[in-house]
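Trainee: Let me see the structure of the following:
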Amino acid sequence: MREKFQSLRGYLLLDGGGMYGSLFHHTVILMCQHSPEGAFGLVLNQPGDKRIGDVLPIDIPPTLKNQRTRSGGPVDTSSVHILHSDSFMFQGNVMNNLSLVQNPGELNDLTNSVNPDHKIEVFLGYSGWSAGQLESELARKAWLVCQAKTELVFSNPNEAAWREILRGLDWQHRLLADGPDDLSWN
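Mentor: Purely as a prediction, here's the structure:
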């Protein structure tokens, strides 16, 4: 009997400790879309090397223009993906209080919002999986899954975020967070 599909939209994927040497080593990925046809996520803890004003030629406030982009993943690194939130957005298309916009033209509406709580992060590239690929990786325990929090998206997590999130789970995950990348180094 086939298991019922369970979407991971709104959850985090964390490197399960076996991705040493890969592009996903110690990554924290926010799952934005997940269906039987495939999955789409954004790496939260890899800063980009460009400023938003350099990649979006639209009229936006200077503080947003100078904000750094983030690297969303290795797929289509010229594509732009925008996560946004505000205290009045109860329903989002990623999770409560968080939505994904993939059309930079919609950023004009977001930046002109009168809500001072409005938060925006811009990602270049994404992480993607074809049908069944993510489920196969999960079965091999390549990824750990945990609940996402909107605050993490806008806290500018860096490469240390992977360890910090693991330390906040349980004692086994604290061991993984504090252990060497390669157990032969032990």
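Trainee: for Leu12, helix, strand, or coil?
Mentor: At Leu12 the chain is in strand, as set by DSSP: H, G, I helix; E, B strand; the rest coil.
Trainee: Share the number of residues neighbouring the closest residue to it other than its chain neighbours, please.
Mentor: In space, and not counting its chain neighbours, Leu12 is closest to Ala148: 4.7 Å by Cβ to Cβ, 6 or more residues apart in numbering. Any C-beta I mention is one placed from the backbone N, CA and C, and that applies to glycine too. Other residues within reach of Ala148, judged by other Cβ atoms under 10 Å, total 23.
Trainee: likewise Asp178?
Mentor: Here the neighbour count serves as a burial measure; for Asp178 (other Cβ under 10 Å) it reads 10.
Trainee: looking at it, it is touching Arg163, isn't it?
Mentor: Yes: using Cβ atoms under 8 Å as the test, Asp178 is close enough to Arg163 to be in contact (7.5 Å).
Trainee: In this structure the residue nearest to Leu12 contacts Leu14, no?
Mentor: No: between Ala148 and Leu14 there is no contact under Cβ under 8 Å: 10.6 Å.
Trainee: where's the residue nearest to Leu12 relative to Lys4, distance?
Mentor: In this structure, Ala148 and Lys4 are 22 Å apart, going by Cβ to Cβ, to the nearest Å.
Trainee: same question, Met31
Mentor: 18 Å.
Trainee: try Val145
Mentor: In this view, Val145 and Lys4 are 16 Å apart by Cβ to Cβ.
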